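**Q** sequence and predicted model, in that order:
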Amino acid sequence: MTGADADPFRCLLRVRYGECDAQGVVFNPRYGEYVEVAVTEFVRALGFGDDFVAGRLDYQLVRQTIEWRAPARFDDVIAAGVRAVHIGNTSFGLGVDFARADDGAALASAETVYVVVDSALRKRAVPDAFRAALETGAPGIETDLAAWRRAAGG
């Protein structure tokens, strides 16, 4: 187990009212959106945010699986832990584990495979520096988009 596995990057998200369905829980397709937000913040934490925004690094989603375990509700803060689970020649896979931030209850997990592409959307090799960053991860780094730590005084 690497340090990135033991203490993965985390992105804290607050469930908004409009993300809930008629049952009062997060509507299942919203988890795909949560993955994209958490992955974008992970890429920033790896030091590649500017490259991604400027188009020097680009990738496309090719497969995503999500497993649900428990419901999240309006105003819950969700901790999305992100880690690399696979790095190939042109693709990489990221795992995202969702838990309720206050009690650690497991909510869902996702695995997404991305293919690195050039500006013409042709597959290209995973850049060496990005590969190394994915292998290391961003252990211990947390992005708090929910302002949860500030609200809790942490």
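**A** Yep, it's here.

**Q** scan the chain for its longest helix.
**A** Taking DSSP state H as the criterion, the chain has its longest helix at helix 30-45.

**Q** now do the buried residues in it.
**A** Going by neighbour count (16 or more other Cβ atoms under 10 Å), the buried part of helix 30-45 is 30-31, 34-35, 38-45. For glycine as for every other residue, the C-beta is placed from the backbone atoms N, C-alpha and C.

**Q** also stretch 93-107?
**A** 93-101, 107.

**Q** make a markdown table from these and add distance to residue 63, secondary structure and pLDDT to it.
**A** Formatted as a markdown table, the buried residues of stretch 93-107 follow (distance: Cβ to Cβ, whole Å; DSSP: H, G, I helix; E, B strand; the rest coil; pLDDT from 0 to 100):
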| residue | distance to residue 63 | secondary structure | pLDDT |
| --- | --- | --- | --- |
| 93 | 8 | strand | 98 |
| 94 | 11 | strand | 98 |
| 95 | 13 | strand | 98 |
| 96 | 14 | strand | 98 |
| 97 | 18 | strand | 98 |
| 98 | 18 | strand | 98 |
| 99 | 23 | strand | 98 |
| 100 | 27 | strand | 98 |
| 101 | 28 | coil | 96 |
| 107 | 21 | strand | 98 |
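
**Q** moving C-terminal of the lowest-mean-pLDDT helix or strand in the chain, what's the next helix or strand?
**A** Within the chain, confidence by mean pLDDT, DSSP states H and E is lowest for helix 3-6 among all helices and strands, at a mean of 60. Remark: after helix 3-6, the chain's next helix or strand is strand 9-14, criterion DSSP states H and E.

**Q** neighbouring strands for that next one, and are they parallel or not?
**A** Note on strand 9-14: by DSSP bridges, its sheet partners are strand 77-87 (antiparallel), strand 142-144 (parallel).

**Q** residue 133 is nearest to which of the ones you listed?
**A** With Cβ to Cβ as the criterion, residue 133 lies closest to strand 77-87 of these, at 9.0 Å.

**Q** can you state the direction angle for that closest one and helix 30-45?
**A** When axes from the mean of the first three to the mean of the last three Cα atoms, to 10 degrees is applied, the directions of strand 77-87 and helix 30-45 differ by 70 degrees.

**Q** now do the same contact list for residue 87.
**A** Neighbouring residues of residue 87 by Cβ atoms under 8 Å, 6 or more residues apart in numbering: 93, 126, 131, 134-135.
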